[in-house]
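K.L.:
Need a 3D model of the following:
(2 chains)
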Amino acid sequence: QQQVKQSPQSLIVQKGGISIINCAYENTAFDYFPWYQQFPGKGPALLIAIRPDVSEKKEGRFTISFNKSAKQFSLHIMDSQPGDSATYFCAATPQTGANNLFFGTGTRLTVIP
Amino acid sequence: KAGVTQTPRYLIKTRGQQVTLSCSPISGHRSVSWYQQTPGQGLQFLFEYFSETQRNKGNFPGRFSGRQFSNSRSEMNVSTLELGDSALYLCASSILQGGGELFFGEGSRLTVL
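P.N.:
Residues are numbered from 1 along each chain as shown, chains lettered A, B, ... in the order given. So this is what the prediction gives:
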């Protein structure tokens, strides 16, 4: 049972465009929602994270939008660049728990020059 | 500051054999968690250790085991290898016990023939 559902599976965006990746969860105990970026041959690296006491968090070109009532959160990449081409994973975990992340299935983003 | 180091990076085993993977966390990080990454199942949590104690375990058979040493280095072992164990095994360290940033290594790619 996939505890975090992620879509789309793949995404192609023109340079300068906006990339949007969506995730949804069911477990109301989740209260820490990170996004990880993974390049081929590398391990995932934390991109940005949000806790449910805020509805949006922005770091540079990356923004997380969080809808607690709908149990959904999304990643927006503004002004997408070819260097953003990677696989993105959303994740969720209980903040008070162990470092046990439940990952989405990943979105392969390709930014076309 | 050195990142998370995993060894070996690549290995090939045959069915029925066992394998031991090693992980050296970032200096000062006492939490080490392990994840299995496959194209079909994505990233799945195996287990987490903090101060030599297993704090949480994912839904994997008992063939998968791990341990952590007093210097925070960790090993995971898979016994009686099956073809389906072929995967990238990722180790992540964190300074926090939960809800914090995970720093991933580049992984150990296991192929079972």
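K.L.:
List, one by one, the residues from chain A near chain B.
P.N.:
A:31-32, A:34, A:36, A:41-46, A:49, A:89, A:93-106 (Cβ under 8 Å from any Cβ of the partner chain). For the C-beta atoms, the positions are set from N, CA and C on the backbone; glycine is no exception.
K.L.:
Show me which of these are buried.
P.N.:
The neighbour-count test (16 or more other Cβ atoms under 10 Å in any protein chain shown) marks A:31-32, A:34, A:36, A:43-44, A:46, A:49, A:89, A:93-94, A:97-106 as buried among the residues of chain A next to chain B.
K.L.:
Low-confidence stretches in chain B?
P.N.:
B:1, B:98-99 (pLDDT under 70).
K.L.:
So which residues on it come close to chain A?
P.N.:
B:4, B:31, B:33, B:35, B:42-45, B:48, B:50, B:55-56, B:58, B:90, B:92, B:94, B:96-107.
K.L.:
repeat that for 6 Å
P.N.:
Proximity of chain B to chain A, by Cβ under 6 Å from any Cβ of the partner chain, involves residues B:31, B:33, B:42-43, B:45, B:48, B:55-56, B:90, B:94, B:98-99, B:101-102, B:104-107.
K.L.:
where along chain B do the strands fall?
P.N.:
Along chain B, counting by DSSP state E, strands occupy B:5-7, B:10-13, B:19-24, B:31-38, B:42-50, B:53-57, B:64-68, B:74-78, B:87-94, B:103-104, B:108-112.
K.L.:
Would you mind giving the ones you listed as TSV with mean neighbour count and distance to residue A:80 added?
P.N.:
Shown next, in TSV, are these (neighbours: other Cβ atoms under 10 Å in any protein chain shown; distance: least, Cβ to Cβ, whole Å):
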stretch	mean neighbour count	distance to residue A:80
strand B:5-7	17	31
strand B:10-13	13	32
strand B:19-24	19	33
strand B:31-38	24	25
strand B:42-50	22	23
strand B:53-57	14	36
strand B:64-68	19	38
strand B:74-78	20	36
strand B:87-94	24	26
strand B:103-104	21	23
strand B:108-112	18	29
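K.L.:
Those strands into JSON lines, with extra columns for distance to residue A:72?
P.N.:
Below are these laid out as JSON lines (distance: least, Cβ to Cβ, whole Å):
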{"stretch": "strand B:5-7", "distance to residue A:72": "34"}
{"stretch": "strand B:10-13", "distance to residue A:72": "38"}
{"stretch": "strand B:19-24", "distance to residue A:72": "34"}
{"stretch": "strand B:31-38", "distance to residue A:72": "24"}
{"stretch": "strand B:42-50", "distance to residue A:72": "19"}
{"stretch": "strand B:53-57", "distance to residue A:72": "26"}
{"stretch": "strand B:64-68", "distance to residue A:72": "32"}
{"stretch": "strand B:74-78", "distance to residue A:72": "34"}
{"stretch": "strand B:87-94", "distance to residue A:72": "25"}
{"stretch": "strand B:103-104", "distance to residue A:72": "25"}
{"stretch": "strand B:108-112", "distance to residue A:72": "33"}
